[in-house]
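*Asks:* coords please:
(2 chains)
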Amino acid sequence: MVELDPDPTDGGGATPLISFRGVRKAFGPKVIYEDATLDVFAGETLTILGGSGTGKSVLIKMLIGLLRADGGSIQAFGQEVTTLPERGLLDIRKRIAMLFQSAALFDSLTVEQNIKYPLREHHWGTEPAMNERVAEVLEMVGMEGSQKLKPSELSGGMRKRVGLARAIAMKPEVILYDEPTTGLDPVNVRRINGLILSLQARLGVTSIVVTHDMDSCFTVSDRIAMLYERRIAFVGTAEATQECDIPYVREFTRGGKGTLDADVV
Amino acid sequence: MRAFRALLADAGGVAVLSVQAFFAFFRSPIEWAPVLNQLDHSGIRSWSITALTAVFTGMVLALQFAVGLESYGGSMYTGKLVALGIVRELGPTLTALLVGGRVGSGFAAELGSMVVNEQVDAIRALGADPIKKLVAPRVLACIIALPLLTMLADAVGLFGGLLITMREVGVTSQFFFTQVTDTLGFVDLMHGLAKSVFFGYFIAIIGCFVGLNTTGGTEGVGQSTTRAVVNISITVLVSNYLLSTIFVAIYG
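*Replies:* Down below sits the predicted model:
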């Protein structure tokens, strides 16, 4: 049994924008979370670290109701998410956007149609207004002029950027990044990290980044949360990870990728 | 026992999905464009395979009846039997099996890939309902398309039967047509078409259900595709008997 960080919610007395309290989740016999507790504050970039297959993405998918928690409480903007029906989640999903690991662009639609998808669903405005918004968000991710392309014509990094453009189209207050740099070459990794930083600066959004990429983690995060043994075992700044009394946390964040990968695989 | 329980769970899941799809479709705004799109993909593009199957089925049916009835001196009745066999049974059933294989497996593969690529999650995350966007238009399109394809199969099947009956029995086309119109009533036609409505529904809802419940990445998509074809074929064949029993009891 690992000793929990005494105060995993460490936020200097501010009210959290998003909070997880004692969250439980299992898929059949496989328990993912036993008692996960975490607070996210407005304007910060929080990274959730953890080995592959430990269910990091599950946490953010529960936040927007794509997966349902088995127990505990998840609050966003003061609203309890776990008990909201699918229709009631619409407002939450408008305010919290997600960039999926695979970008999850719709293959049958062009880049432009992909970005207009959420705009149409939420009755964003007239056709010219939507066109303008599409151009605007594509410019933000450095993909201007790609409106008429199909996802199959894009590289992995470009797909991620278009996915990000689609996510920010509705002007969300929170962006969830599910493994944003996984499977990308170093140039694209840097580009995506840069985008996460610039979007936070330009839009003032709160970001939750799920990753096991240490470079990315140290580049973008204000705080780091470490998932270990089915709960959030540590929350703190990058420097604080090295003083953590859980050896696994120190090891994971030291950037000792060799040991890390062996452990994960 | 476990297989039986799994079957019940699947049947329950299909029933729930049907109800959800029904209400999702009628929740405003009603979207017709995806229905038309699916009608084109699933219905219109299935006409050639339907016609090809039907013409050869009509031909072989005529051949077998002509030869088989000869020893009883009944070759003259070939046209009547071919007409009944095609319109009541083989037209709707073979069309459903073929379209089920072509379209139902396509639905399972398409929706299955969308599930494993997180696109179904993305639809929800972007504020839309995957059942309204994906399932409802497919079910409606198949319910419309199957009776139309069945009518095509009936017509082409009878034409195939006509060719072979003329050659084997030596009747005129006029004689064949008189036989067909004398034998077939409105009830016979409706018997086949009513069944095809059900078949269309089964093909779409099972294809979508299997697709949406895909797990296990690319390999899972392959398994879903196979499972959809098997489940659709079994459902079509079993329900064909049950529906025929009911229709025969009601209309004769």
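
*Asks:* and the longest helix anywhere in chain A, what does it pack onto?
*Replies:* Counting by DSSP state H, the longest helix found in chain A is helix A:186-203. In this structure, helix A:186-203 packs against strand A:45-49, helix A:127-140, helix A:156-168, strand A:206-211, helix A:214-220, with contacts taken as 3 or more Cβ pairs under 8 Å, 6 or more residues apart in numbering or on different chains; DSSP states H and E. All C-beta spots, glycine's among them, are computed from the backbone N, C-alpha and C.

*Asks:* Could I get the buried residue list for that helix?
*Replies:* A:Asn188, A:Val189, A:Arg191, A:Ile192, A:Asn193, A:Leu195, A:Ile196, A:Leu199, A:Gln200 (16 or more other Cβ atoms under 10 Å in any protein chain shown).

*Asks:* what does it contact?
*Replies:* By Cβ atoms under 8 Å, 6 or more residues apart in numbering or on different chains, the surrounding residues in contact with helix A:186-203 are A:43, A:45, A:140-142, A:155-157, A:160-161, A:164, A:168, A:171, A:175, A:177, A:180-181, A:184, A:205, A:207, A:209, A:213, A:215-216, A:219-220.

*Asks:* I only care about these that end up buried; give me the PyMOL line for that.
*Replies:* This is how PyMOL selects the buried members of these, with burial counted by 16+ other Cβ under 10 Å:
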select buried, chain A and resi 45+140+141+157+160+161+164+168+175+177+180+181+184+205+207+209+213+216+219+220
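
*Asks:* Out of the contacts of helix A:186-203, which are close to chain B?
*Replies:* Among those, no residue sits close to chain B (Cβ under 8 Å from any Cβ of the partner chain).

*Asks:* Can you add mean pLDDT and distance to B:Val210 and give the helices and strands packed on helix A:186-203 back as a markdown table?
*Replies:* Below are these laid out as a markdown table (pLDDT from 0 to 100; distance: least, Cβ to Cβ, whole Å):
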| stretch | mean pLDDT | distance to B:Val210 |
| --- | --- | --- |
| strand A:45-49 | 93 | 33 |
| helix A:127-140 | 94 | 35 |
| helix A:156-168 | 93 | 27 |
| strand A:206-211 | 94 | 30 |
| helix A:214-220 | 86 | 37 |
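
*Asks:* and of the ones you listed, who's closest to B:Glu31?
*Replies:* Proximity to B:Glu31 (Cβ to Cβ) singles out helix A:127-140 among these, at 17.2 Å.

*Asks:* Report the angle between that closest one and helix A:156-168.
*Replies:* Orientation note: helix A:127-140 sits at an angle of 130 degrees relative to helix A:156-168 (axes from the mean of the first three to the mean of the last three Cα atoms, to 10 degrees).

*Asks:* just how off-centre is helix A:127-140 within its chain?
*Replies:* Mean-position distance between helix A:127-140 and its chain equals 23 Å (Cα atoms, centre = their mean, to the nearest Å).

*Asks:* and it with helix A:186-203, angle?
*Replies:* 120 degrees.

*Asks:* Give me every residue in chain A lying close to chain B.
*Replies:* A:61, A:64-66, A:86, A:90, A:93-94, A:97-98, A:100-102, A:104-107, A:117-118, A:121-122, A:166.

*Asks:* Among those residues, name the ones in helices.
*Replies:* A:Lys61, A:Leu90, A:Arg93, A:Lys94, A:Tyr117, A:Pro118, A:Glu121, A:Arg166.

*Asks:* For the fourth one, list the residues it contacts.
*Replies:* Spelled out, that is A:Lys94. Counting by Cβ under 8 Å, 6+ apart, A:Lys94 has contacts A:His122, A:Met170, A:Pro172, B:Gly127.

*Asks:* try 10 Å
*Replies:* A:Lys94 makes contact with A:Pro118, A:Glu121, A:His122, A:Met170, A:Lys171, A:Pro172, A:Glu173, B:Leu126, B:Gly127, according to Cβ atoms under 10 Å, 6 or more residues apart in numbering or on different chains.

*Asks:* Taking those residues, tell me the two that lie furthest apart.
*Replies:* Among these, A:Glu121 and A:Glu173 lie farthest apart (Cβ to Cβ), at 17.8 Å.

*Asks:* Up against chain A, what does chain B have?
*Replies:* Within chain B, the positions near chain A by Cβ under 10 Å from any Cβ of the partner chain are B:27, B:37, B:110, B:113-114, B:116-129, B:131, B:133.

*Asks:* give me the number of residues near B:Ser71?
*Replies:* A count of neighbours around B:Ser71, defined by other Cβ atoms under 10 Å in any protein chain shown, yields 8.

*Asks:* what's the pLDDT at it?
*Replies:* B:Ser71 is assigned 88 on the pLDDT scale.

*Asks:* repeat for B:Arg124
*Replies:* 94.

*Asks:* Quick check, it in contact with A:Phe100.
*Replies:* No. Checked against Cβ atoms under 10 Å, the pair B:Arg124 and A:Phe100 is beyond contact range at 11.2 Å.

*Asks:* In PyMOL, how would I select the buried members of the residues of chain B next to chain A?
*Replies:* If you want just the buried ones from those in PyMOL, going by 16+ other Cβ under 10 Å, the selection is:
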select buried, chain B and resi 110+113+114+116+117+118+119+120+121+122+123+124+125+126+127+128+129+131+133
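
*Asks:* can you tell me which of the residues of chain B next to chain A are in helices?
*Replies:* Filtering the residues of chain B next to chain A for helices - DSSP H - leaves B:Asn37, B:Glu110, B:Ser113, B:Met114, B:Val116, B:Gln119, B:Val120, B:Asp121, B:Ala122, B:Ile123, B:Arg124, B:Ala125.

*Asks:* which one among those gets closest to chain A?
*Replies:* Among those, B:Ala122 lies closest to chain A (Cβ to the nearest Cβ), at 3.8 Å.

*Asks:* which ones are touching that closest one?
*Replies:* A:66, A:98-100, A:102-106, A:114, A:117-118, A:163, A:166-167, B:114, B:128, B:130.

*Asks:* do the same with B:Ala125
*Replies:* A:61, A:64-66, A:89, A:93, A:96-100, A:104, A:118, A:166-167, A:176, B:118.

*Asks:* again, only using 6 Å
*Replies:* A:Ile64, A:Arg93, A:Met98 (Cβ atoms under 6 Å, 6 or more residues apart in numbering or on different chains).

*Asks:* what about the helices in chain B?
*Replies:* In chain B, the helices defined using DSSP H lie at B:2-26, B:33-38, B:47-70, B:78-84, B:91-99, B:105-116, B:119-125, B:130, B:136-169, B:173-183, B:186-212, B:217-251.
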